[in-house]
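Q: Predicted coordinates and the sequence they were generated for:
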Amino acid sequence: MVDAQGGGPEVEQALKRIELQVAPYTAPASRNAPATGPGAASTAAASSAPSRAADPILSNPEEAYRAEVIEALMDAMLNHSQGLDLAAGEWLTVGARRDDGQRLGIGDTPARTIQISVRADDLKAFLAGQIAREEVRGRMDVRVF
C-alpha cells in the first residue's frame, strides 16, 4: 500500500537496507599527505572493519519473501487459533501459494506452495502457557513444494 507521499512500508524498508549497506562518504586522502586530523582514525577503523553480511533479500529476493511469508503464517496460526476446538491428535494446517494470475498450467510457474502444520496438543500447550512461542514454532512442520 502506498501512502500520500508516494512511498510505503516496503519502500521505507528497502531504503533502510540500502542505507545500511552504503558506508558514509569520506573524502579520499591525498597520496602524499599523511592521514591526520579528527577523521583519520575513524576512516582507518572503517576501512579495517569487516564487511557486513549480504542482505538475503539482495541475494535471493524470492527466498527472502518466502521466509517472511512463512514467519507471518506461523505467527497468525499461533495468534488466532484460540477459537478453534481442535481435539487431541488433530492438526492445524495452513497452505499458501502466490497467485501471479498466470493460468498456463501447473508446471509453468516458479511459484511454490507453503504448507505449515502444528499438532493440536502443541498448540493447546502454547495457548495454556506451558511451552514458549519459539518451542512450538520449532515443532511446526513446514513444507515448501
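A: Great, that's in hand.

Q: going forward, measure contacts between C-alpha atoms and count neighbours the same way
A: Noted.

Q: Next secondary structure after the helix ranked longest in the chain?
A: The longest helix of the chain (DSSP state H) is helix 61-79. Using DSSP states H and E, the helix or strand that follows helix 61-79 in sequence is strand 91-97.

Q: Could you list the buried residues of that next one?
A: Residues of strand 91-97 classed as buried by neighbour count (16 or more other CA atoms under 10 Å): Trp91.

Q: Run through who's touching that strand.
A: Here strand 91-97 makes contact (CA atoms under 8 Å, 6 or more residues apart in numbering) with 73, 86, 111-120.

Q: Report the contact partners of Ala88.
A: Contacts of Ala88 (CA under 8 Å, 6+ apart): 120-121.

Q: Over to it: give its phi and psi.
A: Phi and psi for Ala88, reported as degrees, to the nearest 10, are phi -60, psi 140.

Q: so where does Gln115 fall, helix or strand?
A: Using DSSP H and E, Gln115 maps to strand 113-119.

Q: how big is the angle separating that strand from helix 61-79?
A: Going by axes from the mean of the first three to the mean of the last three CA atoms, to 10 degrees, strand 113-119 is angled at 30 degrees with respect to helix 61-79.

Q: So which other helices or strands are in contact with strand 113-119?
A: helix 61-79, strand 91-97, strand 141-144 (3 or more CA pairs under 8 Å, 6 or more residues apart in numbering; DSSP states H and E).
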